[in-house]
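**Q** here's a sequence, model it:
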Amino acid sequence: MMNARITDRKVLESLRPLEAMAYLRSSGWTLAGYFQDSATVWRRDSQQVLLPQDASFADFALRMAEILETLAVVEQRSQLEILRDLATAASDVMRLRVVSPVAEDGSLGLEEGVILVESAKDLVLSAARAAIHPRAFFRSRLPGAAEDYMRNVRLGQTEVGSYVVTVVCPVSPELKPAAVASPQDVDEPYDRRVTRTLAGALQKSVTAAREAALKQDMEPFTSAVREGVSANLCAALVRIGEGMEEGHIEVDFSWARSRSKPQIATSRILVMHESIPVMREAARVLRATYSDDDFELIGPVVRLESPNAAGGGNVIVYAEVDTTMRKVLFHLEGPNYDEAVRGHKEGLEISCRGKLEKQGRYFTLRDVRDFEVQVEEA
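**A** Next comes the predicted model:
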């Protein structure tokens with residue numbers, strides 16, 4: 001059987017020693033020792049490989065080529081497959097596949113391809129937010145941790161099999177706690193929590209769609225919100241599914257070799273085309289009926305209503321809600337209402353936090369706190 005050999009120096013030099021160590025350890029190799037403080041020696045049965053500890057060494061590419069050759073023999077796999085796994089040994093990888101007549105030749109229309117990539121990003125983003133605080137619907141504001149996480153997510157190379165988008169999500173390596181501590185005492189890192197949340201939420205959305213169609217009830221979706229299902233996640237799946245004539249969306253997860261695998265029901269999720277209309281309606285209802293418990297409101301006062309200013313009154317602020325400027329109504333007590341009046345007279349923006357709710361066509365803010373008038377900088 002012919003097996004392609006990897007000889008491109010730049011490709012070999014792009015590999016990372018720490019990721020190669022994680023791959024070897026997870027594949028049954030054991031650390032046998034060190035070679036002149038510049039390389040580690042790994043053994044498996046009668047096989048031995050030498051792994052340089054620094055990618056800047058002159059013979060690094062040569063040694064990695066030797067490792068690939070040995071691994072291909074031991075694992076009976078192609079060097080191309082092993083190279084892919086070596087390069088992502090420290091990352092969770094999501095493979096989003098469209099299995100449909102529109103992609104049967106391994107290609108997609110340009111517009112459909114753009115939608116697939118954008119939707120893959122939206123899926124990861126929904127999980128990055130849900131891993132911090134699950135909600136039925138996420139607005140445009142992005143928590144700092146989620147923003148930092150998204151900067152590190154990479155788009156991998158497409159793969160054979162209908163049409164596949166690969167998303168590479170780096171994960172912190174696992175370090176065993178000291179003997180006095182239990183592994184259960186150590187919290188799961190945020191980056192792994194994101195991908196675990198995404199895999200679980202995708203599976204829950206499939207189950208919820210089936211149960212909601214059977215019962216004609218939103219309850220399966222609303223009860224799954226605490227597990228990461230959101231209007232954003234459903235909408236991302238709908239955008240992909242709407243371009244399919246039939247078939248299904250397949251999402252596969254492979255887990256970083258540098259950490260233990262998460263305890264989830266499955267790493268392969270199928271979203272059938274007939275589920276798309278159910279998810280479309282679920283996304284619409286979740287978005288229309290959600291409430292945001294900690295919404296930050298910033299904007300100018302456009303209207304004041306009070307029969308007695310000393311006792312407070314209602315305030316309407318023009319602010320950004322879900323990337324669109326909306327009027328938001330809330331009540332302020334006496335002193336804060338006086339400040340809102342001042343802000344309105346002086347043309348200053350006000351800011352506050354509270355529980356944002358949508359009532360029909362209008363938004364209200366309840367449990368208002370942290371109110372202040374924004375001072376213009378000189």
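
**Q** number of residues surrounding M21?
**A** 21 (other C-beta atoms under 10 Å). Just so you know, the C-beta spots here come from the backbone N, C-alpha and C atoms, and that holds for glycine as well.

**Q** for the helix or strand containing it, give the mean pLDDT please.
**A** Counting by DSSP states H and E, the element that carries M21 is helix 17-26. What helix 17-26 shows for mean pLDDT is 91.

**Q** could you do stretch 80-90 as well?
**A** Mean pLDDT, stretch 80-90: 90.

**Q** circling back: list the buried residues of the helix holding M21.
**A** Buried positions in helix 17-26, judged by neighbour count with 16 or more other C-beta atoms under 10 Å: 17, 19-24, 26.

**Q** what's that helix in contact with?
**A** Contact partners of helix 17-26, identified using C-beta atoms under 8 Å, 6 or more residues apart in numbering, comprise 31, 40, 42, 49, 51-55, 64, 67, 85-90, 173, 256-258.

**Q** who does the helix or strand following that helix touch, helix- and strand-wise?
**A** Note on helix 17-26: by DSSP H and E, the next helix or strand toward the C-terminus is strand 30-35. Applying 3 or more C-beta pairs under 8 Å, 6 or more residues apart in numbering; DSSP states H and E, we find strand 30-35 packed against strand 39-44.

**Q** ranges for the helices of the stretch 201-350 of the chain?
**A** Using DSSP state H, counting those that start in this stretch, the helices of the stretch 201-350 of the chain run over residues 219-224, 231-241, 276-289, 334-346.

**Q** picking up where we left off before, so which of the contacts of helix 17-26 belong to helices?
**A** Under the assignment DSSP state H, these contribute 64, 67, 85-87 to helices.

**Q** angle of the helix holding M21 against strand 39-44?
**A** Put simply, helix 17-26 runs at 20 degrees to strand 39-44, going by axes from the mean of the first three to the mean of the last three C-alpha atoms, to 10 degrees.

**Q** could you dump helix 17-26 to CSV, C-alpha only?
**A** Taking C-alpha atoms only, helix 17-26 is exported to CSV below (Å, rounded to 0.1, in the frame of the first residue of the first chain):
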residue,chain,number,x,y,z
PRO,A,17,7.1,19.8,20.6
LEU,A,18,4.5,20.1,23.4
GLU,A,19,1.7,19.0,21.1
ALA,A,20,3.8,16.1,19.9
MET,A,21,4.4,15.1,23.5
ALA,A,22,0.7,15.1,24.2
TYR,A,23,0.0,13.0,21.1
LEU,A,24,2.7,10.4,22.0
ARG,A,25,1.5,10.1,25.6
SER,A,26,-2.1,9.7,24.6
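
**Q** next, the angle from that helix to strand 30-35.
**A** Per the same axes, to 10 degrees, the angle that helix 17-26 makes with strand 30-35 is 140 degrees.

**Q** tell me how far helix 17-26 is from the chain's mean position?
**A** How far helix 17-26 lies from its chain's middle: 25 Å, per C-alpha atoms, centre = their mean, to the nearest Å.

**Q** rewinding a little: and of the ones in helices among the contacts of helix 17-26, the nearest to F371?
**A** A87 (50.9 Å; C-beta to C-beta).

**Q** pretty sure that closest one is touching S14, no?
**A** Yes: at 7.2 Å, A87 counts as touching S14 under the criterion of C-beta atoms under 8 Å.

**Q** those two: which is more packed in?
**A** Taking other C-beta under 10 Å, A87 and S14 do not tie; A87 has more neighbours (20 against 14).
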